[in-house]
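> Generate coordinates for the sequence data below:
(2 chains)
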2 protein chains.
Amino acid sequence: MRYSQYFIPTVKETPSDAEVISHKLMLRAGMIRKLAAGIYNYLPLGLRSIRKVEQIVREEMNRAGAIEMLMPAVQPAELWKESGRWEFYGKELLRFKDRKDAEFCMGPTHEEVITDLVRKEIRSYRQMPLNLYQIQGKFRDEIRPRFGLMRGREFIMKDAYSFDVNEAGADVSYQKMYQAYRRIFERCGLRFRAVEADTGTIGGNYSHEFMVLADSGEDAIVSCSACEYAANMEKAQTRLAASADHADPRPLEKVVTPGQKSVEEIANFLSVATTQVVKTLVLMADTEPVVALLRGDYDLNEIKLKNHLGCTELEMATDEVVFKVTGAPTGYAGPVNLPGKVKVVADLSLKGMHNFVVGANEKDAHLKNVNLERDVKVEGFVDIRNVIAGDPCPRCDSGKLEIWRGIEVGHVFKLGTKYSKALNASFLDADGKEQIIFMGCYGIGIGRTVAACIEQNHDENGIIFPIPIAPFQVIVSALSAKEDEVKEAAEKIYQDLLQAGIEVLIDDRDERPGFKFKDADLIGIPLRIVVGAKNLVDGKVELKDRKTGEVEIIPIAEALEKVKATVKAALTV
Amino acid sequence: MRYSQYFIPTVKETPSDAEVISHKLMLRAGMIRKLAAGIYNYLPLGLRSIRKVEQIVREEMNRAGAIEMLMPAVQPAELWKESGRWEFYGKELLRFKDRKDAEFCMGPTHEEVITDLVRKEIRSYRQMPLNLYQIQGKFRDEIRPRFGLMRGREFIMKDAYSFDVNEAGADVSYQKMYQAYRRIFERCGLRFRAVEADTGTIGGNYSHEFMVLADSGEDAIVSCSACEYAANMEKAQTRLAASADHADPRPLEKVVTPGQKSVEEIANFLSVATTQVVKTLVLMADTEPVVALLRGDYDLNEIKLKNHLGCTELEMATDEVVFKVTGAPTGYAGPVNLPGKVKVVADLSLKGMHNFVVGANEKDAHLKNVNLERDVKVEGFVDIRNVIAGDPCPRCDSGKLEIWRGIEVGHVFKLGTKYSKALNASFLDADGKEQIIFMGCYGIGIGRTVAACIEQNHDENGIIFPIPIAPFQVIVSALSAKEDEVKEAAEKIYQDLLQAGIEVLIDDRDERPGFKFKDADLIGIPLRIVVGAKNLVDGKVELKDRKTGEVEIIPIAEALEKVKATVKAALTV
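Residues are numbered from 1 along each chain as shown, chains lettered A, B, ... in the order given. The predicted model follows:
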């Protein structure tokens, strides 16, 4: 491609309305332009990277035996009413009526449509396993679209749906997708983790998230330093530490703690470690209050508590409820002698703790030497905390947990029979008996993968694309493009690389070298060949690696071979 | 691909709700499934053909220097208000509000969005010519969606938009697209015509439609037997025939014609040729009545008359208006001695006609020996009729016009400055002066191209795909797939073709030969290799051409070579 005849409207200034680096750089590199909140034009350069990701996804889905199809963006309301999600989905589901007043929505996902198709077409166990996927535009009317392609309203997604005769079959389909996803993100050239994820309100089954590692990631993910264990923060567990304190229970003692509310304040005031203070949290589980106890230095994991309680909504109680449950103003709540009847859940880490500090259920007072066995009626010891770095791995003997930041780019999910039951998608088994189909669903955010890649791979000068998803693999910059010799040599290099199947952009613009280099760095082309009069005298060009910054001045033939070899190596599966 | 592991839900019965053959066959062949009125799932086989067309379109657009990008499906109302189309577009434009009550629509076309993008990014004449295109899902809320992919609501379209500094530049861009379109439909293996088309209400400039020839086509198209001239019926012209009748005017004569109204009835009753009867049509042009005169055997072309009058709406007048204008009941209107003042437009063919028959403006009476020069005040002689087969070509000396049926699959359009003016898309010319950009737009219906191909290429057994857009190029059918030798030979042929880059489907299902052949014919795979025990003894297989029906029993190696050569030849550009 010739730069002068292409459309790459780069921008020097950092756009004021972009918060995260990928958003800023995709705007500056002329990859995207905003049309409306969360709705973007993909300019030619942006589309090229998106298509690269799509193609890798397609090849790996096909390799895993999934079959590509394409479903509509506009979906009839009836199917959503049948699945129950017309009511449940909330305002993210964009609803409208057509000219005949029939209700429709823009598809935010396609479980209903695919299950409807499959229930009409699948009759026999012999037609499964079946895995159908599509790469398609979705719409979710996010309340706060932001971060460019990271959280848009209209976005491109690969969604796959598997159909199996039983749970064992569904597990096989799930494993195939899990492996395909690993290959996809490996081939994209990304550093990522596949982590166990909570299944949320769908419940019962399991799921994995694929997280691109990046300091700017919204999600915290956890992995073991020694074994393969990895989970997102919502799901991550640790091994129960051996009882830390074998001391005998000392007598309960009330101490005055005027104005001391936080764990740090109390620990400091009483000269004890924060690990010797126990937090008492009051929450509302649906309509019932519940008390959660945690060691002072640990944070509550609401998902774990919610799963333990089996409730739908869980939120911190208001000051009013805290007072009703404990008789104390917020900051002085404690589990000893609670006035009302309320469920008390203690975090696992409290097992084996002795003589610790809690609120006294009255203003400006705490209790010392509390011991759960003696002083509190606890409903149970349950893992309800977030793990922290250094916690022992729950799987292996030697590993410690490490915490990373990540961006979710893929999610594989064992659905079970949730949608097949609701829409009555059944089949006849080998005995002629009607059975419900087992489903899985598997998503990849295509645009978000490109954005996450940029979050992970950039420097102060711009994007650093990995070769497999770079819009072009090589850029040839002709210095002083007006000089015939330079122009001819650059053109010859360009043609040679094109012939070899390399995706090459030739910067044939009549601009200063510095201007061209800035653009090349900004748009993140992995390899750059600079053709200048000075080196050309010796038959040489400059070859620069965008990532390492390494520059070599080498003969043209050598540069060509090196570029071809580097690209080939990067694309080898 | 292995048939047993693929998803091709073919259907024996003809679907009751499908009217046209392409719709029936696409349903029966398992290519599409309806989700809602005019909204379809593209099943794997259908998607493969659609992707073939997309890829041919993409390659030819790129070759012509157009640049691919991707715009959103959801568009903000503001832009449509700016262009004036929010009011004008009518109910085909599906409008809705997002969760924040902002107005949006589903894009039926993208002139507004692209012009908005370009006005923000283009500043200088040096940035043009520019041609941006996308392949994208559109939505038009048709009042009567029908014929499957032929007239759907949600559909895939390639739309391109060119931007030039002046009209001459716009003409060059237009010509490039015209040539690209010719190549696209040639490469698809379709018989088609590029015809001049009316520009409709946009006016001023010109356009061409690309029509796939098919007896079932909704549109009539016209072409010359000798030269390149071709136009759609709305636009087609003919050469003015030499005056047919040099007879002297005879005296006007009123004749009684009780109950004789139609041209045929009058001609029969008076024993004259229908070519000697002149039809008098009364129409309403916006709010004014107008009279149109045509030779008895010709039909009015309303578009031509509308363009001549420069009116917005043109329709046949009610009986009431006819009476008011002519004083006669419908069927007896004539141009002689009209009671009121009304514009009379005579078709060109009336020039040189003498002594013809018209209505007498009273019930049960006609006038004979009418001569326009003597008897009628005609506003002008204008081409306002549809051409008929055999009319002389308007371009060359020797050609006669032929009439075909066709399906519009592409449209190229010189827009001029309609949208660039409305949205103020301007640039600075070489003198630093602000100028308005000249635009063109160019569309291809991707799904409709596949449907039109099927209308053109089918027989009683199913689809007959041309190789370039067939979902698979070859099908290998293993008869008695249970016999090891047959199975092994079929597998070897399959692998050999795969290796050679041929798109091959192996029918490895445990079904009767007849059942397999029916499916192969129905889904229209161009070449079929049948592997059976009987021929295999001699190392031979059966090779069948779906189109010609030709069957050869030839050695395996020869069959493989022939298949490869045939596919290669069909794909050679």
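> contacts, neighbours, all on C-alpha from now
Fine.
> A:Arg48: which element?
A:Arg48 belongs to helix A:44-63 when elements are defined using DSSP states H and E.
> what's the pLDDT at A:Pro15?
In this prediction, A:Pro15 carries a pLDDT score of 88.
> The nearest residue to it once chain neighbours are set aside: what's it in contact with?
Nearest residue to A:Pro15, sequence neighbours excluded (C-alpha to C-alpha, 6 or more residues apart in numbering or on different chains): A:Lys24, at 6.2 Å. Listed by C-alpha atoms under 8 Å, 6 or more residues apart in numbering or on different chains, the contact set of A:Lys24 reads A:14-15, A:18.
> Highest neighbour count among the residues you listed?
Neighbour counts for the contacts of A:Lys24 (other C-alpha atoms under 10 Å in any protein chain shown) peak at A:Ala18, which has 16 neighbours.
> That residue touches A:Pro145, doesn't it?
No: in this structure, A:Ala18 is not within contact of A:Pro145 by C-alpha atoms under 8 Å, at 11.7 Å.
> Can you name the helix or strand that the residue nearest the centre of chain A falls in?
Of all residues in chain A, the one closest to the mean position by C-alpha atoms, centre = their mean is A:Glu408, 0.9 Å from it. Applying DSSP H and E as the criterion places A:Glu408 in strand A:401-416.
> picking that back up, beta partners for the residue nearest to the centre of chain A?
With DSSP bridges applied, A:Glu408 shows beta-bridge pairing to A:Met211.
> so what's it up against?
Contact criterion C-alpha under 8 Å, 6+ apart gives A:209-212, A:219 as the residues in contact with A:Glu408.
> so which of those comes closest to chain B?
Proximity to chain B was ranked across these by C-alpha to the nearest C-alpha; first place goes to A:Val212, at 25.1 Å.
> so what's the backbone phi/psi at the residue lying closest to that closest one once chain neighbours are set aside?
Nearest residue to A:Val212 in three dimensions, chain neighbours excluded: A:Phe192, at 4.2 Å (C-alpha to C-alpha, 6+ apart). Main-chain dihedrals, A:Phe192, degrees, to the nearest 10: phi -150, psi 170.
> For A:Ile156, see how far away A:Phe192 is.
Counting by C-alpha to C-alpha, to the nearest Å, the separation of A:Phe192 from A:Ile156 is 20 Å.
> swap in A:Met233?
27 Å.
> out of the two, which sits in the more crowded spot?
Neighbour comparison, A:Met233 and A:Ile156: the larger count goes to A:Met233, with 24 against 20 (by other C-alpha under 10 Å).
> ok, now which ones touch whichever residue of the stretch 251-400 of chain A sits closest to chain B?
Here the stretch 251-400 of chain A gets closest to chain B at one residue, A:Glu313, 23.2 Å apart by C-alpha to the nearest C-alpha. Taking C-alpha under 8 Å, 6+ apart as the criterion, A:Glu313 is in contact with A:284-286, A:306.
> Please check these and keep the buried ones.
Among the contacts of A:Glu313, those classed as buried by 16 or more other C-alpha atoms under 10 Å in any protein chain shown are A:284-285, A:306.
> Just put those residues in TSV and tack on distance to chain B and secondary structure.
TSV is the format used below for these (distance: C-alpha to the nearest C-alpha, whole Å; DSSP: H, G, I helix; E, B strand; the rest coil):
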residue	distance to chain B	secondary structure
A:Met284	29	strand
A:Ala285	29	strand
A:Lys306	29	helix
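> near chain B, which residues of the stretch 51-200 of chain A?
A:67-72, A:74-76, A:91-92, A:94, A:96-99, A:113, A:117, A:121, A:130, A:141, A:143, A:154 (C-alpha under 8 Å from any C-alpha of the partner chain).
> Chain A now?
When proximity is defined by C-alpha under 8 Å from any C-alpha, chain A lies next to chain B at A:5-7, A:9, A:33, A:35-36, A:39-44, A:47, A:67-72, A:74-76, A:91-92, A:94, A:96-99, A:113, A:117, A:121, A:130, A:141, A:143, A:154.
> how about the helices of the stretch 301-450 of chain A, start to end?
A:302-309, A:319-326, A:372-375, A:418-422, A:446-456 (DSSP state H, counting those that start in this stretch).
> Give me the mean pLDDT for the first one.
What it means is helix A:302-309. Per-residue pLDDT over helix A:302-309 has a mean of 92.
> Now do the domain split for chain A, please.
Using automatic domain parsing, the domains assigned to chain A come out as A:3-237+A:403-454, A:253-382, A:472-571.
> isn't A:Val195 right up against A:Val212?
No: assessed by C-alpha under 8 Å, A:Val195 is found out of contact with A:Val212, at 10.7 Å.
> Next one: the residue nearest to A:Ile39 when sequence neighbours are not counted relative to A:Glu103, how far apart?
Here the nearest residue to A:Ile39 in space, its sequence neighbours aside, is A:Glu154; by C-alpha to C-alpha, 6+ apart that works out to 5.5 Å. For A:Glu154, the distance to A:Glu103 (C-alpha to C-alpha) stands at 20 Å.
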